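Participant: fold the following, please.
(one chain, ligands or ions: 2)
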Amino acid sequence: METVVVTLTGNDTACQIAAAGQILKQGGLVAFPTETVYGLGADALNPQASRRIYEAKGRPSDNPLIVHISNMEDLGKITAKVPAQAMELAAKFWPGPLTMIFEKSPLVPFETTGGLQTVAVRMPSHPVALALIQAGGGFVAAPSANTSGRPSPTTAEHVAQDMMGRIPMILDGGPVGIGIESTIVDVSGDMPMILRPGFITKEMVQDAVGPVELDPGLAAEGRNICPKAPGMKYRHYAPKGELILVDGERKAVQEEIIRLSKKAASSGRKVGVIGTDETCGAYPYGLVKSIGTREDEETIARHLYGVLREFDEQDVEIIYSESFSALGIGQAIMNRLLKAAGHRVLTAKKTED
Ligand code: TXA
Ligand code: MG
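Facilitator: Ligands and ions are numbered 1, 2, ... in the order given. The predicted structure follows:
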């Protein structure tokens, strides 16, 4: 299949999005920008279209899709009930990087929900995403537009790396703003529960609706409690090389990464180092990349997946990364890094001086 990459600039945007909407209405796939990561869209109410998403991504069919909507009236059509707390969260964070889990209505096919009685819904804020949802009939199922298991795409080039020849169209709206996927909150139970941390932090959800739980399966990942979002149980976001996080006191972490990268380089392995703007200059061995600045952790979220993909392009075999505090957006950053690393974490010992 030929993949057309459409650059959205200037006066043609409305026409280009209308053409993309036609593809969706005919059951085809279109990759498009959202404020979090690029999505791979299909008509969420068409079972055959949803199946095509799983095929294109090589995604396990028990991993449900998020249905993207563009207005509140449409929420009622695909859900059985909308709890008051969900209305409060929607009022505060939609359109935006929040996904909520509801009981589904019969309109939503099980192909879209991976066989579940619940449906994940998000109203994105990216203008291209909103326009495409409207042009495509109102309900667009969209996972991140990467091959299953690879880092999520934050540019149209990343999408092309994974999807060229597999889908008819990629809408290029430039790099995304946030860089990690939406926060998922399950509002179908008594107390809201965060199933996937994201840009909207636990504190922000709590300020809006009171007490919130964190899925116990998240902290226990790598052990034996399964996370509630089916997708969170898979090794994900992973670069091709081996990624190892180094945790501990800042200075000790740097020294340990220098020691490890020296050792790997001298044994002939192609080694990468993930540092920050503050520390990159201090690493003498391997291919060193800054993931952002600790003074503004949003920059770290924005660059995370791109940096992992760059190491892939350069065939790096082993990557050592600094780790980050799990506060605020740091919780989402560490969740993604830990998954990408398959939970391999070394603790650097404090030096004596
Ligand atoms: O930011 C985002 O959410 C991006 C953009 C494109 O909107 N989408 C995204 O989709 O990250 P995806 O498919 O890569 O991740 C969806 C996650 C998976 O972990 C999936 O298991 C979970 O949402 N999920 C979907 N429906 C669910 C449901 N009914 N119950 C529990 N988890 C669900
Ligand atoms: Mg994904």
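
Participant: for the spatially closest residue to residue 74 that is not a sequence neighbour, give me the pLDDT.
Facilitator: Once flanking residues are discounted, residue 74 sits nearest to residue 138: 5.3 Å by C-beta to C-beta, 6 or more residues apart in numbering. Glycine gets a C-beta too; all of them are placed from N, C-alpha and C. The predicted structure scores residue 138 at 98 on the pLDDT scale.

Participant: residue contacts, residue 138?
Facilitator: Residue 138 makes contacts with 69-70, 74, as judged by C-beta atoms under 8 Å, 6 or more residues apart in numbering.

Participant: now flag whichever of those is closest to residue 55.
Facilitator: Distances from the contacts of residue 138 to residue 55 were compared by C-beta to C-beta; the smallest belongs to residue 69, at 24.0 Å.

Participant: I'd like to know how far the nearest residue to the closest one once chain neighbours are set aside sits from ligand 1.
Facilitator: Take residue 69 and drop its neighbours on the chain: the residue closest to it by C-beta to C-beta, 6+ apart is residue 123, 5.3 Å away. Taking C-beta to the nearest ligand atom, to the nearest Å as the measure, residue 123 and ligand 1 are separated by 10 Å.

Participant: how about residue 245?
Facilitator: Noted for residue 245: a distance of 21 Å to ligand 1, by C-beta to the nearest ligand atom.

Participant: I figured that residue hits residue 323, correct?
Facilitator: Yes: using C-beta atoms under 8 Å, residue 245 makes contact with residue 323 at a distance of 4.7 Å.

Participant: list the residues that contact both of these two?
Facilitator: Counting by C-beta under 8 Å, 6+ apart, the residues touching both residue 245 and residue 323 are 337, 345.

Participant: what sits against whichever residue of the stretch 101-250 of the chain sits closest to ligand 1?
Facilitator: For the stretch 101-250 of the chain, the residue closest to ligand 1 is residue 231, as judged by C-beta to the nearest ligand atom, at 2.2 Å. Taking C-beta under 8 Å, 6+ apart, we find residue 231 in contact with 63-64, 196.

Participant: make TSV from those and add neighbour count to it.
Facilitator: Rendered in TSV, the data for these read as follows (neighbours: other C-beta atoms under 10 Å):
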residue	neighbour count
63	17
64	24
196	23
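
Participant: returning to that earlier point: surely the residue of the stretch 101-250 of the chain closest to ligand 1 is in a helix?
Facilitator: Yes: counting by DSSP: H, G, I helix; E, B strand; the rest coil, residue 231 falls inside a helix.

Participant: report pLDDT for it.
Facilitator: If you check residue 231, the pLDDT there is 83.

Participant: ok, the lowest-mean-pLDDT helix or strand in the chain near ligand 1 or not?
Facilitator: The helix or strand of the chain with the lowest confidence, counting by mean pLDDT, DSSP states H and E, is helix 216-219 at a mean of 85. No: using C-beta under 6 Å from any ligand atom, helix 216-219 never reaches ligand 1; the gap is at least 11.0 Å.

Participant: the protein: helices as residue ranges?
Facilitator: Counting by DSSP state H, the chain forms helices over residues 13-25, 47-57, 72-78, 84-93, 110-113, 127-135, 156-163, 202-209, 216-219, 250-266, 297-313, 330-340, given from the N-terminal end onward.

Participant: so which of those helices gets nearest residue 34?
Facilitator: Residue 34 sits nearest to helix 127-135 of all these, at 4.6 Å, using C-beta to C-beta.

Participant: how about the residue nearest the centre of the chain, phi and psi?
Facilitator: Centrality entry for the chain: nearest residue to the mean C-alpha point is residue 181, 3.0 Å, by C-alpha atoms, centre = their mean. Summarising the backbone geometry of residue 181 under the convention degrees, to the nearest 10, its torsions are phi -70, psi 160.

Participant: pretty sure it sits against residue 38.
Facilitator: No: applying C-beta under 8 Å, one finds residue 181 not in contact with residue 38, separated by 10.6 Å.

Participant: show me how this structure divides into domains.
Facilitator: Residue ranges for the structural domains of the chain, counted by automatic domain parsing, are given in the record as 4-219, 242-347.

Participant: please identify the most buried of these.
Facilitator: Counting by mean count of other C-beta atoms under 10 Å, domain 4-219 has the highest mean neighbour count of those, with a mean of 20.

Participant: now the end-to-end length of it.
Facilitator: From the first residue to the last, domain 4-219 extends over 41 Å; the measure is C-alpha to C-alpha, to the nearest Å.

Participant: centre of the chain to that domain, how far?
Facilitator: Taking the mean of its C-alpha atoms, domain 4-219 sits 10 Å from the chain's own mean (C-alpha atoms, centre = their mean, to the nearest Å).

Participant: what of stretch 279-291?
Facilitator: That offset, for stretch 279-291, works out to 25 Å (C-alpha atoms, centre = their mean).

Participant: so which of the contacts of residue 231 reach ligand 1?
Facilitator: For ligand 1, the contacts drawn from the contacts of residue 231 by C-beta under 6 Å from any ligand atom are 63-64, 196.

Participant: of the residues you listed, which one scores lowest on pLDDT?
Facilitator: Per-residue confidence over these reaches its minimum at residue 63, where pLDDT is 93.
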